[in-house]
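>>> Whatever this is, show me its structure:
(chains A, B and C)
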Amino acid sequence: MQNLLHNLNQEQLAAVTLPAQSALILAGAGSGKTRVLTTRIAWLIQTGQVSPAGVLAVTFTNKASKEMMTRLSAMLPINTRGMWIGTFHGLCNRLLRAHYRDAGLPQTFQILDSQDQLSAIKRLLKSMNVDDEKYPPRNLMYFINGAKDQGLRANDVEANDDYNRKFVELYDLYDQQCQREGVVDFAELLLRTYELLSRNQPLREHYQARFQHILVDEFQDTNDLQYKWLKLMAGQRGAVFAVGDDDQSIYAFRGANVGNMSAFEREFRVENLIKLEQNYRSHGHILDSANTLIANNSKRLGKNLRTDAGHGEPVRIYEATSDLQEAQWIVEETKSLINDGASRSEIAVLYRSNAQSRVIEHALVASGIPYRVYGGQRYFERAEVKHAIAYLQLMDNPHNDSAFLRVVNFPARGIGARSLEQLQDAAKQYGISLYAAVPYVAGKAGATLGSFLKLIEGGRFETQHLPLPEMVQVVLDLSGLLKHYQTEKEGADRIENLEQLVNAATLFVSEEGFGIDAPALLGPKAQAVSGAAITTADGIEIFDADAPLATVMSPLSAFLSHASLEAGNNQAQAGEEALQLMTVHSAKGLEFDAVFITGLEEGLFPHENSQKEDAGVEEERRLMYVAITRAKKRLYMSFSQTRMLHGQTRYNMRSRFFDELPEEALKWLSPKVQQHSWFANPKSAWDEAPEKAANSISKNFGKRDIGWRIGENVAHQKFGEGVIVNIEGSGGNARAHINFGRHGMKLLDLSVAKLEKVA
DNA sequence: CGATACAAGCTTTTT
DNA sequence: GCTTGTATCG
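Modelled structure (predicted):
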């Protein structure tokens, strides 16, 4: 016990040892949040207040839940694998597998990832003859997910016009299609579980009694449904220990509701609100910058980070003439950091949007600095892996039409659009899956389809008693996927990825505790061995969704869930010591010795799409706050006068966030005010497109007489500072397009407008 | 049925 | 500027 609690500061200790009531922990960046969470669990168990089985710990990412289990294993001499620690989705999957009948799902229900969901929606629109120009599939997906994230079914959604009524109707049809195919999307996992527990009192009471302590990580990221889910799980007695930071709420765009924090405080009658404000990560100037910036937000629970480390170095700010030059500068600074002994993996380059990485990557390649970009394609999302998975899905649940369509003619086996049209007609006519409709197709098409059906059924028969990895290997061969890629020129990588799937299966089997006998648990027997059956007073039999997973689902079903729920690492290039490139969003939760925040320009960061709503800019500011607080020792910020975006050169003003930082913590590397001539940069115009450059230069020379230049900084009485983006006309008729940042783009008559030069 | 051409789109993202 | 998705040709 002494061991467990020593090294905690006052605030942390207070949080860890709170009584068994709901509590809210406001944990600032770098304040030891995960430590408090895991120590709390360990302390509860060690002091005998709860058994490991009485703890439910919920996170958002697999990474976070793994981290929690690892740390907990180090603190306690127990097997954490059996504990209920996981993501919202992972835990719901487990519950639904155990109670699939009550939840109204087939035992082998499968999980759609976002890709699958979108294609399912496209398929629905097509079969319903809906104009996908008028009702874009993507919008329908947002609509459906948005509704589900609020806990709303189609008939709960209010629609006030025909357009929305159509969306609601399609939402309903989409749900029907999923039900027919035995598939659920991510939001459905949560909603189904929520509905299951709302509806089924004995089941609800069972879990409510079981989980006396519920701990939630990153609480600020919960959406409405997750909040309701927690409320339901906790019941009247459960103690919810919520850890979060309202200043780091950056996922409102996908349904996260920071308001859940204050709602929680109220509705869970929180008596203990503890703030963790001691920061162990960043030096003073960096922290001051973060604090000063975030103070500009209005809706905050209120928190100020402090550090014992001194001021440290000032925040370095650099103004580049072009995005190209900004990248160049990053390379130079990185080189000198490495020269001074910095480790490449301890340096991060952050940007607001992915498109910005290209210029930087270019410069890095040219200079030979190894780097790693986060956010690329993930293992289970690769086309060839998805194909292999689709074969496995069909063997486990043949009614999954998405899987069927993905591989029915891949590798090519002569089943074209015409055959499929016949098949789809038959399926629609009888209201059955494509797989089930195959016997209804006559002629040659029917025969070819029939042989595909035999392929799947043969595969299932052949592999039914094999351990999972061997099953995967057989499917790779039988499907013809390996052969297909062998004949393809660039198939080597794909074959390697496919072979990797066998390894992934092996690893999965050993990690999740599916022993060699696991296939014996397939089918209805699975429940009989769980040994956790409960009979309630009303005689309802309940099987507790207890670990190991092997007791509630077959290895194949489990592996397929795993593939959907954990798409795998998204690090592009693994291996050596490399510079870290990522969006600010993906940097959340990470820390680095040195951090570059790049592209700090009005329109980019804060992003233009966010500027319409007030709440939008506040979220951008929180995003900036997250970015700043990633840095331990050194922080750079940069912006550029010109930037290529969507194939066009844009002239941006520096971000408003610079005006919200404490001047005394900053050091401007380039003069704060500089001549804004793009002639000054020999690379920008001349080298790239000689013709274009000549044009704009002659244009510019032509405008000399008006006294204004493209790219020049100006000030307007009403609109404030802006940049001249373009000049049209000449002499007394000259008009200028001026980007006033937060006031937008204006077209002003130069002979009339009262403009001042900003030196 | 497969390969190639052109148009449209384009913040952030985990599960 | 580049990627993605569909339309058309062979």
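>>> Show me which residues of the stretch 451-600 of chain A sit near DNA strand B.
Contact residues (C-beta under 7 Å from any atom of the strand) of the stretch 451-600 of chain A with DNA strand B: A:Leu565, A:Glu566, A:Ala567, A:Asn570, A:Met582, A:Thr583, A:His585, A:Ser586. All C-beta atoms are positioned from the backbone trio N, CA, C, and that covers glycine.
>>> ok, so what distance separates the closest residue to the second one other than its chain neighbours from A:Glu195?
Yep, that's A:Glu566 we're talking about. Leaving aside its chain neighbours, A:Glu566 sits nearest to A:Asn62 (4.9 Å; criterion: C-beta to C-beta, 6 or more residues apart in numbering). With distances taken as C-beta to C-beta, to the nearest Å, A:Asn62 is found 25 Å from A:Glu195.
>>> Next: A:Val584.
In terms of C-beta to C-beta, A:Val584 sits 36 Å off from A:Glu195.
>>> The two: which is more packed in?
Taking other C-beta atoms under 10 Å, A:Val584 and A:Glu195 do not tie; A:Val584 has more neighbours (22 against 16).
>>> Contact partners for the nearest residue to A:Glu346 once chain neighbours are set aside?
Excluding the flanking residues, the one nearest A:Glu346 by C-beta to C-beta, 6+ apart is A:Asp593, at 4.0 Å. Residues in contact with A:Asp593 (C-beta atoms under 8 Å, 6 or more residues apart in numbering) are A:Ala342, A:Ser343, A:Glu346, A:Ile347, A:Ala631, A:Lys632, A:Lys633, A:Arg634.
>>> Break down the stretch 1-150 of chain A into its helices, ranges please.
With DSSP state H, counting those that start in this stretch, the ranges of helices along the stretch 1-150 of chain A come out as A:2-5, A:10-16, A:33-46, A:62-75, A:88-98, A:114-127, A:137-149.
>>> So which elements touch the fifth one?
Which is helix A:88-98. Packing partners of helix A:88-98 (3 or more C-beta pairs under 8 Å, 6 or more residues apart in numbering; DSSP states H and E): strand A:55-59, helix A:186-199, helix A:555-565.
>>> Provide the strand pairings for the helix or strand just after the last one, with the direction of each partner.
Stepping forward along the backbone from helix A:555-565, the first helix or strand reached (DSSP states H and E) is strand A:579-583. Sheet pairing for strand A:579-583, assigned by DSSP bridges, gives strand A:347-351 (parallel), strand A:371-373 (parallel).
>>> what residues are up against A:Gln21?
Under the criterion of C-beta under 8 Å, 6+ apart, the contact list for A:Gln21 reads A:Ala239, A:Arg269, A:Val270, A:Glu271, A:Asn272.
>>> now that we have the contacts of A:Asp593, which one has the most neighbours?
Neighbour-wise, the contacts of A:Asp593 (other C-beta under 10 Å) top out at A:Ala631, 29 neighbours.
>>> Pull the number of nearby residues for A:Lys63.
Using other C-beta under 10 Å: A:Lys63 sits among 13 other residues.
>>> Please enumerate the helices of the stretch 301-450 of chain A.
Residue ranges of the helices in the stretch 301-450 of chain A, as given by DSSP H, counting those that start in this stretch, are A:323-339, A:357-367, A:383-396, A:401-407, A:417-430, A:434-437, A:443-463.
>>> List the beta-bridge partners for the closest residue to A:Val595 other than its chain neighbours.
Closest residue to A:Val595 apart from its sequence neighbours, by C-beta to C-beta, 6+ apart: A:Ala631 at 3.9 Å. Beta bridges link A:Ala631 to A:Phe592 when assigned by DSSP bridges.
>>> Run through the residues that contact A:Ala631.
Residues near A:Ala631 by C-beta under 8 Å, 6+ apart: A:Ser282, A:Ile286, A:Glu591, A:Phe592, A:Asp593, A:Ala594, A:Val595.
>>> Likewise for A:Ala159?
A:Arg165, A:Phe167, A:Val168.
>>> now swap in A:Gln717 and tell me
For A:Gln717, the contact set (C-beta under 8 Å, 6+ apart) comprises A:Lys754.
>>> With A:Arg654 as the reference, measure out to it.
Taking C-beta to C-beta as the measure, A:Gln717 falls 20 Å from A:Arg654.
>>> Can you tell me which of the residues of the stretch 451-600 of chain A next to DNA strand B has the most neighbours?
A:Met582 (22 neighbours).
>>> I'd like the distance between the residue nearest to it when sequence neighbours are not counted and A:Val385.
Spatially, and ignoring its direct neighbours in sequence, A:Met582 is nearest to A:Tyr374 (3.9 Å; C-beta to C-beta, 6+ apart). Separation of A:Tyr374 from A:Val385 (C-beta to C-beta) stands at 19 Å.
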